[in-house]
Structure formats: structure tokens, C-alpha cells
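Trainee: Sequence and predicted model, in that order:
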Amino acid sequence: VSAAPNTFAGAALDRASARRRDPDWLARAAADPASRALVTVRGELVLGAGAAPLEVPVGAVAPLEGTAPVLLGLRDGHALFAVEAAGPPDGGRLASLREVAPALSQAEGGAIAYATALGNWHRTHRFCAACGAPTEVRDAGFRRSCPACGADHFPRTDPVVIMLVADPAADRVLLGRQAAWPPGRYSCLAGFVEPGEALEEAVAREVAEEADVAVGDVRYHSSQPWPFPASLMLGFTCRYAGGEPRVGDGELEDVRWFTRSQLVAGDALLPSPHAIARRLIDDWLEEEPT
Ligand SMILES: [Zn+2]
């Protein structure tokens, strides 16, 4: 099992959380010509020349109304901010994070995923969930406070479990496909964790709902920030414990077993190497058959 972080992790920043409530330091950092800001627009990132994310002086791009520059942290001793803008600034073009991921370094992918997640949250949480009044940005972007009712709101991260179901006795794994995917694409089963549910319970419930299969021996593998718009993918492996796979709750078009030799032969079009689903499958393929 490889030790490298998953794509969209590994931002290589000091998050400098103690500075978020230091207005003098923040004002100096925002004015410092060595500080930079990444720019996001409605879940997409802004590229500059080539495939590199555009980096601008902090005041160079106007934040979307009701938002403000967010302090991502310190990179090589200099402040890195993120700005959610109404549109791409001059010299920038919009790009999908998933499409450009292969061209980004680990640290670039981590930083821009972090910026995108915060931009998504600010854009969609400008009004108080408790009373509907416009809220104000606090703590360098890590809190929104309601002046009308006093409620505080914090950036959300929505947990999603994603799991590879293995059947060691037959040296095979269970994969599913959604109707909207390219022909032949199969991937791991996945689903949102529900309130009042442990991660192990969410894994077993999702597999039962989507494939009518029972699992046990749920083991954590790794995780991946997935800012589409605000998820954290929590990767697990688990062991087949019974049942015949069949499409369950309508989320999937097909669910079926693939043996190791079928996957090696290319019988399934596997997900992008930048998705944790692929990492789970590749790590299983690298294991010695039992
Ligand atoms: Zn309120």
C-alpha cells in the first residue's frame, strides 16, 4: 500500500489557525506583496498561464458579494489566501478541478481543493440558516457570524464512505456503475454518512442498500478531500459476508463481481487515478491473492 497522500490532500501549508483571530497580522499579510491568493468561481478554479492555478496579490480580485478573502495558511513563510470571485479575472480562465488534477502537483492539488471547498461554503452560506439574515465573515473565513440572531456558522465537510468489498475466497471484488458514466466504467460503492451513524455502520448499510450484499471486517484505508461541493471521502475495505449482488436502491445501473484476472485484463474501465476509488482497487490488485 502506497504511503503518498491521495490527490487533493497534501496541501503542504501551515494552516496558521492561531492567526485567524489576529486582525493586525491578517491586515499586514493581506497587504504584503509576497502574499498570494488562489481564485475560485462556483466550484471551478482559475488557471493562469499553462495549467498552473492563477495566483494574484490579495487585493487584485474582488470577492463575490458577501464573501471575503480566506486565509488558507502559510506557504514557505508567506500567506496564501483564497478568493471566491463572481467570474474569472483578466488573464485567468476557468477549469474543472477534476480535469486539471493530472497536471497539478500534490501540493497544488491540495491547496486548490482546500480553496474550492471554502469558496463553495462561503458562496452558499451567505445567509443565516437560523434566521435568514446576511451573515458576516469572521476568523479569516473560518466562521460566519449572524449580526441579527448571534448564531455562528462554521465551514462544513460532509463525510462520504467509499468501500471496496472483497471476497477473498473467490479472489474478486464488487463494483457498481451509474447510468450516467461512460460505457464500461465500474467503481467502488459509496454513499453519504447519515446522522446518528458510525462509519462502519454506514459502510454496511450502503452496501446492503446498493447491492443487497452483507459485509463485515470493515477497515479504514485512507481519505480524500473531495470539494464537489464539500465532501470528505473516507475509504474502507470490507469483506463479503453473504448475499447475491443485485441493484438495490436505484442509484446504480449495475453491480457485479470482477475477479482479479478480469480487472487485470481490462474488463472494467476503472476510475481516474486521482480518485480514491482507484487507489482502493489498485491497492487490492497489488496485494498477494489469499
Ligand atoms: Zn441569524
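Mentor: Here it is on my side, so go on.
Trainee: and Pro183, what does it touch?
Mentor: Residues in contact with Pro183 (CB atoms under 8 Å, 6 or more residues apart in numbering) are Leu269. (Each C-beta comes from the backbone N, C-alpha and C, glycine too.)
Trainee: go on, the one 10 residues further on?
Mentor: Neighbour list for Val193: Pro159, Val160, Val161, Leu199, Ala202, Leu234 [criterion: CB under 8 Å, 6+ apart].
Trainee: Just send those residues back as CSV, with secondary structure and neighbour count too.
Mentor: Shown next, in CSV, are the contacts of Val193 (DSSP: H, G, I helix; E, B strand; the rest coil; neighbours: other CB atoms under 10 Å):
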residue, secondary structure, neighbour count
Pro159, strand, 15
Val160, strand, 20
Val161, strand, 27
Leu199, helix, 15
Ala202, helix, 22
Leu234, strand, 21
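Trainee: Save those residues as CSV, and put in pLDDT and distance to Val100 too.
Mentor: Formatted as CSV, the contacts of Val193 follow (pLDDT from 0 to 100; distance: CB to CB, whole Å):
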residue, pLDDT, distance to Val100
Pro159, 98, 25
Val160, 98, 22
Val161, 98, 27
Leu199, 98, 30
Ala202, 98, 31
Leu234, 98, 24
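Trainee: Farthest pair within the residues you listed?
Mentor: The largest distance within these, taken as CB to CB, falls between Val160 and Leu199 and amounts to 10.3 Å.
Trainee: list residues touching both of these two?
Mentor: In the contact map built from CB under 8 Å, 6+ apart, the residues linked to both Val160 and Leu199 are Val193, Leu234.
Trainee: so what's the closest residue to Asp167 other than its chain neighbours bridging to?
Mentor: Excluding its sequence neighbours, the residue lying closest to Asp167 (CB to CB, 6 or more residues apart in numbering) is Tyr240, at 3.9 Å. Here Tyr240 sits in beta bridges with Val215, going by DSSP bridges.
Trainee: How much space separates Tyr240 from Glu194?
Mentor: Separation of Tyr240 from Glu194 (CB to CB, to the nearest Å) stands at 23 Å.
Trainee: For those two, indicate the residue with more neighbours.
Mentor: More crowded of Tyr240 and Glu194, by other CB atoms under 10 Å: Tyr240, with 22 against 11.
Trainee: From Val213, how far off is the more buried one?
Mentor: For Tyr240, the distance to Val213 - CB to CB - is 7 Å.
Trainee: Mind listing the shared neighbours of these two?
Mentor: Taking CB under 8 Å, 6+ apart as the criterion, Tyr240 and Val213 both touch Val165, Leu174.
Trainee: Please identify the residues of the chain in proximity to the ion?
Mentor: For the chain, the residues in contact with the ion (CB under 5 Å from the ion) are Cys128, Ala130, Cys131, Ala133, Cys146, Ala148, Cys149, Ala151.
Trainee: Save those residues as a markdown table, and put in neighbour count, pLDDT and secondary structure too.
Mentor: Formatted as a markdown table, the residues of the chain next to the ion follow (neighbours: other CB atoms under 10 Å; pLDDT from 0 to 100; DSSP: H, G, I helix; E, B strand; the rest coil):
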| residue | neighbour count | pLDDT | secondary structure |
| --- | --- | --- | --- |
| Cys128 | 21 | 98 | coil |
| Ala130 | 14 | 98 | coil |
| Cys131 | 12 | 98 | coil |
| Ala133 | 13 | 98 | coil |
| Cys146 | 19 | 98 | coil |
| Ala148 | 12 | 98 | coil |
| Cys149 | 12 | 98 | coil |
| Ala151 | 15 | 98 | coil |
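Trainee: By mean pLDDT, which helix or strand of this protein comes out lowest?
Mentor: Here the helix or strand of the chain ranked lowest by mean pLDDT, DSSP states H and E is helix 97-100, holding a mean of 91.
Trainee: Tell me the helices and strands packed up against it.
Mentor: For helix 97-100, the elements it packs on are strand 44-47, helix 106-124, judged by 3 or more CB pairs under 8 Å, 6 or more residues apart in numbering; DSSP states H and E.
Trainee: Compare these and report which one is nearest to Tyr186.
Mentor: Across these, closest to Tyr186 is helix 106-124 (CB to CB), at 24.5 Å.
Trainee: Return the mean pLDDT over that closest one, rounded to an integer.
Mentor: Average pLDDT, helix 106-124: 97.
Trainee: Give the buried residues for the next helix-or-strand element following that helix.
Mentor: Using DSSP states H and E, the helix or strand that follows helix 106-124 towards the C-terminus is strand 136-138. Under the neighbour-count criterion of 16 or more other CB atoms under 10 Å, strand 136-138 has Val137 buried.
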